[in-house]
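Participant: Sequence isn't available, so here's the structure alone:
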């Protein structure tokens, strides 16, 4: 597929290298060098994917991601020189769909971009069903839309994939490793804590009280499931981890 990819990177040489690789793969890149320019460009012409450096002038990448997630579910690949797990989880917690630390190989970057574009293009693994329902949660895989008690909820690509898989089989318990495979394929850099971050973000969006979830439930020592019925079904371990 040919995609329009916005690259927000304050290192002009690095941005140009990324742009050349994108062009070589048949994509159309647009390069900007600060966070404010990135937000302006996204609002002017929404791209298919955003490659976002964390350390940028005017508005940094983390703030760009925070603002963007209030407005869009645009796939975001975050680039950073910070390599600790806490930094990774912070980026994912703000809604980034993937995270690559510097220095990185351009080939790995392109592989990540291809993966995100495929995920954005295809329906979820549960897309054989036109509408998935579990309690008050409704997932439209083909439209990539989530409703909770009739209220539309915006989800990132990773959050949507997890929710769609859970909604396809309500009450089935999925391990963190299984859900990690849904959101990251065969990539092993991130840990199972990545899934926990996505779950925490989803609970903020779909639960009446994220501290006492009634939809997206923890099965202690195993993983997560989506309740088939709404509040009051009873019997589940509803501790929010």
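Facilitator: Received the coordinates, thanks. All values reported here derive from a predicted model rather than from experimental measurement. Residues are numbered from 1 along each chain as shown.
Participant: so where's the protein shaky on pLDDT?
Facilitator: 1, 83-85, 87-88, 122-130, 183-191, 230-241 (pLDDT under 70).
Participant: Can you show me the helices along it?
Facilitator: 12-24, 35-44, 61-68, 85-93, 106-121, 157-168, 176-184, 193-206 (DSSP state H).
Participant: I'd like to know which of the ones you listed lies nearest to residue 134.
Facilitator: In terms of CB to CB, the element of those nearest to residue 134 is helix 157-168, at 4.9 Å. Placement of C-beta: from N, CA and C, glycine included.
Participant: Near the closest residue to residue 93 other than its chain neighbours, how many other residues are there?
Facilitator: Distances taken as CB to CB, 6 or more residues apart in numbering put residue 197 closest to residue 93, at 5.1 Å, once the chain neighbours are dropped. Each residue near residue 197 was counted by other CB atoms under 10 Å, and the total is 21.
Participant: One more: the one 5 residues further on?
Facilitator: Using other CB under 10 Å, residue 202 has 27 neighbouring residues.
Participant: again, but for residue 105
Facilitator: Residue 105: 9 neighbours (other CB under 10 Å).
Participant: Kindly report the same for residue 36.
Facilitator: Counted with other CB under 10 Å, residue 36 comes out at 15.
Participant: Could you measure from it over to residue 165?
Facilitator: According to CB to CB, to the nearest Å, residue 36 and residue 165 sit 37 Å apart.
Participant: try residue 203
Facilitator: The gap separating residue 203 from residue 165 is 16 Å, by CB to CB.
Participant: got the contact list for residue 77?
Facilitator: Counting by CB atoms under 8 Å, 6 or more residues apart in numbering, residue 77 touches 49-52, 96-100, 109, 112-113, 116.
Participant: Just put these in CSV and tack on neighbour count and distance to residue 208.
Facilitator: What follows is the contacts of residue 77, written out as CSV (neighbours: other CB atoms under 10 Å; distance: CB to CB, whole Å):
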residue, neighbour count, distance to residue 208
49, 24, 33
50, 26, 32
51, 28, 36
52, 26, 32
96, 28, 27
97, 29, 26
98, 26, 30
99, 23, 30
100, 20, 36
109, 18, 40
112, 22, 36
113, 24, 37
116, 23, 32
